[in-house]
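Asker: I need the structure of the sequence given here:
(chains A and B)
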Amino acid sequence: GAVVSQHPSWVICKSGTSVKIECRSLDFQATTMFWYRQFPKQSLMLMATSNEGSKATYEQGVEKDKFLINHASLTLSTLTVTSAHPEDSSFYICSATVGYNEQFFGPGTRLTVL
Amino acid sequence: GEDVEQSLFLSVREGDSSVINCTYTDSSSTYLYWYKQEPGAGLQLLTYIFSNMDMKQDQRLTVLLNKKDKHLSLRIADTQTGDSAIYFCAEDGNNRLAFGKGNQVVVIP
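Answerer: This is a model prediction of the structure:
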């Protein structure tokens, strides 16, 4: 089946630093990748939709200068949380799809900002 | 926009059936989905139903869709301890998924 990986699986950083999270489709080429954020005991909130080679489309209320998304290839998208603050602590999950078919989810990255 | 609602918590004895409910608002959704999330993990697609269907059965899983009431349910037969997880329903609309808040299912041995 289609496998999506994320790296790192968890990260702890100091306030004010930037953190990069990678999302890779391991055995398929993903035309579209999605980034979600999940707070404890809450649902997934879509942050942005990323198509290879073009700028990401951000959801309302998501700061594009704070959450930088790069989708440089058909198998890799990165989310960089710039100048992270404690309120950015969350579980970040990516998904990948070919065309608009089933979304395959990564295992998630737990970010803790001290 | 899409708005999906779910109840929060369900405990069930091993071997019993469990039913999780979900309501949605976007009548233009083509598919409706059920995802399972185990602790600290991503989402696993369990099953989905096409919007013009009323029911879909997949082994221990039965999905019922009441399109008139915009109500979706998931029944898990013979619930097992490995079914303990959070279950999310989701609808697609505008080429994106909108998730419910999730329903935590705890299976008691």
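Asker: give the contact list for residue A:52.
Answerer: A:30-32, A:71-74 (CB atoms under 8 Å, 6 or more residues apart in numbering or on different chains). C-beta coordinates here come from the backbone N, C-alpha and C atoms, glycine included.
Asker: now the strands for chain A?
Answerer: Remark: strands assigned in chain A by DSSP state E are A:4-7, A:10-13, A:19-25, A:32-38, A:44-51, A:57-58, A:67-73, A:76-81, A:90-97, A:104-105, A:109-113.
Asker: sorry, wrong one. I was asking about chain B.
Answerer: Using DSSP E, strands in chain B cover B:4-6, B:9-13, B:18-24, B:31-37, B:43-50, B:55-58, B:61-66, B:71-76, B:85-93, B:96-99, B:103-108.
Asker: mind checking those strands for the one nearest to residue A:106?
Answerer: Closest approach to residue A:106 among the strands of chain B (CB to CB): strand B:43-50, 9.2 Å.
Asker: packing partners for the closest one?
Answerer: strand B:31-37, strand B:55-58, strand B:61-66, strand B:71-76 (3 or more CB pairs under 8 Å, 6 or more residues apart in numbering or on different chains; DSSP states H and E).
Asker: what residues does that strand touch?
Answerer: Applying CB under 8 Å, 6+ apart, the set of residues contacting strand B:43-50 from outside is A:44, A:93, A:95, A:102-103, A:105, B:30-38, B:55-56, B:58, B:61, B:63, B:65, B:72, B:74, B:87-88.
Asker: ditto for stretch B:91-103
Answerer: Contact with stretch B:91-103 is made by A:34, A:41-44, A:46, A:49, A:100, A:103, B:1-10, B:20-22, B:24, B:26, B:28-33, B:35, B:37, B:86-90, as judged by CB under 8 Å, 6+ apart.
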